[in-house]
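**Student:** Here is my input; please provide its structure:
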Amino acid sequence: MAVVSQGGGGNTGSTLKKNLAKEGKKLPLLGNDDRTADFNYIKNFMLDRYSESLRGVASDTKTV
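**Tutor:** As a prediction, the model looks like this:
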């Protein structure tokens, strides 16, 4: 979250959470406060997006 100059992240999660709330919607993944929303957005959307290209493994791949 500290490197907001790299695009995405920043307050994107809290902004999404507020926009959804205006429509009467909620995405539980974003949590109940802005800090959690921003953290979880980066963790689950931004990092997931590049997981396969960076690690060679899709983020939703389960290893046993």
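
**Student:** Every contact and neighbour count from this point should use C-alpha atoms.
**Tutor:** Noted.

**Student:** Could you give the average pLDDT over stretch 45-63?
**Tutor:** Per-residue pLDDT over stretch 45-63 has a mean of 65.

**Student:** going forward, begin numbering at 10 instead of 1
**Tutor:** Noted, 10 is the first residue going forward, which turns the last one into stretch 54-72.

**Student:** quick one: buried residues of the helix ranked longest in the chain?
**Tutor:** Looking across the chain with DSSP state H, the single longest helix is helix 21-31. Along helix 21-31, these residues count as buried under the neighbour rule (16 or more other C-alpha atoms under 10 Å): 21-23, 25-27.

**Student:** next helix or strand past that helix?
**Tutor:** Next along the chain after helix 21-31, taking DSSP states H and E as the criterion, comes helix 43-50.

**Student:** just to revisit the earlier point, go through the buried residues of helix 21-31 and say which is closest to D42.
**Tutor:** Comparing the buried residues of helix 21-31 against D42 with C-alpha to C-alpha picks out S23 as the nearest, at 7.7 Å.

**Student:** right, and the closest one touches A46 too?
**Tutor:** Yes: checked against C-alpha atoms under 8 Å, the pair S23 and A46 is within contact range at 5.1 Å.

**Student:** Now do the shared contacts for those two.
**Tutor:** L39 (C-alpha atoms under 8 Å, 6 or more residues apart in numbering).

**Student:** burial count for G65?
**Tutor:** By the criterion of other C-alpha atoms under 10 Å, G65 has 9 neighbours.

**Student:** Could you measure from it over to F54?
**Tutor:** 17 Å (C-alpha to C-alpha, to the nearest Å).
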